[in-house]
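> Build me a structure from this.
(chains A and B)
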Amino acid sequence: MTTTTAPRAARIGAFVPALVLLGVFFAGPLLWSFYSAFTNVALTGSAKIDFVGVDNFTTMFHDTQFWNSLWLTLVFVVGSAVIGQNTLGLLIALLMRGRGRLTRGVVSGLVIAAWTVPETVAAFCWYSYLNRDGTLNGILGWFGLSQNWLYTTPMLAVILANVWRGTAFSMLVYQAALNDVPPELQEAAAVDGASAWQRLRRVTLPLIRRSVVTNLMLITLQTLAAFGLIYVMTKGGPGNKSSTTPIYMYQESFQFYKLGYGTAMALVLLVIGAIFSLIYVRLIKVDDL
Amino acid sequence: MRHRFILAALSALALTASAACGSSSGGATSKTITIAYQKFGTFLQLDNQLKTVKTEYESAHPGYKVNLEPIEAPENDYYTKLSLMNRSAKTAPDVMYEDTFLVNTDIQAGFLAPLDDMLQKWPDWSQFTDAAKNAAKAQDGKTYGVPMGTDTRALWYNKDLFKKAGIAVPWQPTSWNDVLATARTLKQKLPGVTPLNVYSGKGAGEGSTMQGFEMLLYGTHNTLYDDTSKKWVVASPGFNDSLNFIKTIFDEKLAPSAQDALDPNWGTKVSSELLPSNKIAINLDGSWLSSTWISTGSKPWPQWSTVLGTAAMPTQNGEAPGKTSMSGGWVLSVGSHSKNKQAAFDLVTTMLNQKNSLAYDIGAGQIAERNDVAADPQYLNSNPTLKFFTDLVQSTHFRPAYPAYPQVSDAVQVAMESVMTDQASPTAAGKTFVDSVKSAVGGDSQVTTAS
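Residues are numbered from 1 along each chain as shown, chains lettered A, B, ... in the order given. Prediction:
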């Protein structure tokens, strides 16, 4: 044993640069936002910063607009990520199993193309597709159904756009996971007389449950923080009908200068993200994730 | 092996140290004057002008250097970025392009330096109009900026459409009812044309508050803020009447449909598409509108000056002075963190001397605030609507420039929106407004219901 482990000090020493960088660029901003959530720090309009305790959280608790934004965020996350992207991604991955090279190439090419488009570009495409003079109305105009979809159904519009954009990620995760499901198990189940649904429910899903949790967690956290897509498409409007918490947070911090209040909301969002993650882990019973 | 640990620790130290150096070297030395300003979309005039001014200043002040720092962002994001720069002494600019309605807010944050001593010694200061001198005078009575130009708002109308509908031009309504009557005639005679566009709701943002609501409210006996008691005015009769006006035009379909009017891009569509294609007959909008249609604008429309006419917005029932307008405007301010305020102020006076003010006001479609520029034939002949909009300065109003204003403005837009979409009656929307304003400005003691 000539190559014994290096002395303890040297081992720790090697991590110092990384730790310092993490501390400055990762923990620093996090701690700052934690601190400012308990102050009345303002973008402009006041020079001094006072510690206000839990005032920001009390205000938030009584702020009907905040509750409205939280509800919309929930609808957005469940609608576009949990149900939309996740289910659609799984469905496409399942359907593509065992298809020809051409079909797979064309379908995944199209789905991934939507994912590679930059967020603002995707959002603007959807804006111009759904608005009053948009393509959709050009078609629906023949049936007399023309309307500004971003006005009449703003949440549905942003949810659809987010599903369109984000499905590729779930699809790729599930494609990789399904490749690891041994075909023999499927065949054995089929021989035993299991229907397609039973094979999916009893064989495939249990085998890929770890990928399901990972995927759900990642897309939930991404969608919770989604800002650009909604901001470009509706700016949170009409009124506050699509003003999710990130949009409301932006308005309070940068348009009304209440940075402290904004960061307090960010903290709440962080907690909600953690709760979602916990629920997933519990629901799917991953003991050894 | 000990030395390896020391080496690692040292390299970590070196890293942090170099990071720290990186941020401090951005600070200006007293011989370098940094100016921060907006450069965005079609607004390139200030950038062009400042490039000339930089050369002029540097040759007149040997050894000094002007550092131009254009911020490429739309208006709201420009405010945000400028505030973020100002929050640290290391990044704060020496001179900044500042919206007058943010002056008080930024003073309370300690971003701006008072200029009174230096202004007294500047002979050109006497050339500025009284309104201009007040534009950057803060609540503490000191002056914090030198005005570059202002704007006013009024009714633009399409003479061709008016003639087609049999309405005599030139047109000058004398009351709100007069405006409504004309719009009703237009609606009856010209199907397919939107008779009257008044910006409303959250889609058009501040444009709804200033070009829309305040153009109505400041033509009543009421305002948004009472300067004597230093309180916000809520539940005034004028507020209710203004909301009723909005309700009337949307209910009777004299205005565009709420779906269209609430689109965030509605303003662009009005100026670049609907007005040039004769789809809107009357438009309550700003003096800068024609800059879209000049040959260098984003939608050249050479016929605009013959097709469109302008009329002052009347007061509610024709009360003296018979017309009303709202003005904004920008100033150049000196930053409180500037290490050489005199040199910074010299840059301001170079940019805003007679010659450069003239060039800028013509290029950017601004209303001059210097008497010697306003009287210059070159300025007066640069745009056929300029005299009309300049004269409106006599009866113009300014927004209450306090930190809570953006929130009050938002509450106004919410009230307008609930009325135009029939979600609430003007009375109910007014009640919601009272609550929003109270929570925004700090409770009952900060508001007054005096009529």
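> so where do the helices sit in the stretch 101-250 of chain A?
For the stretch 101-250 of chain A, applying DSSP state H, counting those that start in this stretch gives helices covering A:101-116, A:119-130, A:135-140, A:149-152, A:154-179, A:183-191, A:196-199, A:205-207, A:209-224, A:228-233, A:245-250.
> Turn those into JSON lines, including mean pLDDT and mean neighbour count.
Where C-beta positions appear, they are placed from N, C-alpha and C, glycine not excepted. As requested, these are exported to JSON lines (pLDDT from 0 to 100; neighbours: other C-beta atoms under 10 Å in any protein chain shown):
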{"stretch": "helix A:101-116", "mean pLDDT": "90", "mean neighbour count": "12"}
{"stretch": "helix A:119-130", "mean pLDDT": "92", "mean neighbour count": "18"}
{"stretch": "helix A:135-140", "mean pLDDT": "84", "mean neighbour count": "14"}
{"stretch": "helix A:149-152", "mean pLDDT": "86", "mean neighbour count": "22"}
{"stretch": "helix A:154-179", "mean pLDDT": "93", "mean neighbour count": "21"}
{"stretch": "helix A:183-191", "mean pLDDT": "87", "mean neighbour count": "13"}
{"stretch": "helix A:196-199", "mean pLDDT": "87", "mean neighbour count": "12"}
{"stretch": "helix A:205-207", "mean pLDDT": "89", "mean neighbour count": "14"}
{"stretch": "helix A:209-224", "mean pLDDT": "91", "mean neighbour count": "19"}
{"stretch": "helix A:228-233", "mean pLDDT": "92", "mean neighbour count": "21"}
{"stretch": "helix A:245-250", "mean pLDDT": "94", "mean neighbour count": "22"}
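> Tally up the residues packed near A:S33, please.
By other C-beta atoms under 10 Å in any protein chain shown, the residues close to A:S33 number 17.
> Find me the pLDDT at the closest residue to it other than its chain neighbours, would you?
Sequence neighbours aside, A:T263 is the residue nearest to A:S33 in space, at 4.5 Å (criterion: C-beta to C-beta, 6 or more residues apart in numbering or on different chains). A:T263 is assigned a predicted lDDT (pLDDT) of 93.
> Could you break chain B into its assigned domains?
Domain segmentation of chain B under automatic domain parsing yields B:31-150+B:328-383, B:153-327+B:401-448.
> Output the ones you listed in CSV, with mean neighbour count and distance to chain A appended to each entry.
Formatted as CSV, the domains of chain B follow (neighbours: other C-beta atoms under 10 Å in any protein chain shown; distance: least, C-beta to the nearest C-beta, whole Å):
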stretch, mean neighbour count, distance to chain A
domain B:31-150+B:328-383, 19, 4
domain B:153-327+B:401-448, 19, 3
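> measure the residue nearest the centre of chain A to A:I279 for me?
Central residue of chain A (C-alpha atoms, centre = their mean): A:T223, 2.1 Å from the mean position. In this view, A:T223 and A:I279 are 15 Å apart by C-beta to C-beta, to the nearest Å.
> how about the domains of chain B in CSV, adding mean pLDDT and distance to A:N86?
Listed next are those as CSV, based on pLDDT from 0 to 100; distance: least, C-beta to C-beta, whole Å:
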stretch, mean pLDDT, distance to A:N86
domain B:31-150+B:328-383, 90, 34
domain B:153-327+B:401-448, 92, 30
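> In JSON lines, list the ones you listed along with distance to A:S69.
Output for these, formatted as JSON lines (distance: least, C-beta to C-beta, whole Å):
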{"stretch": "domain B:31-150+B:328-383", "distance to A:S69": "19"}
{"stretch": "domain B:153-327+B:401-448", "distance to A:S69": "14"}
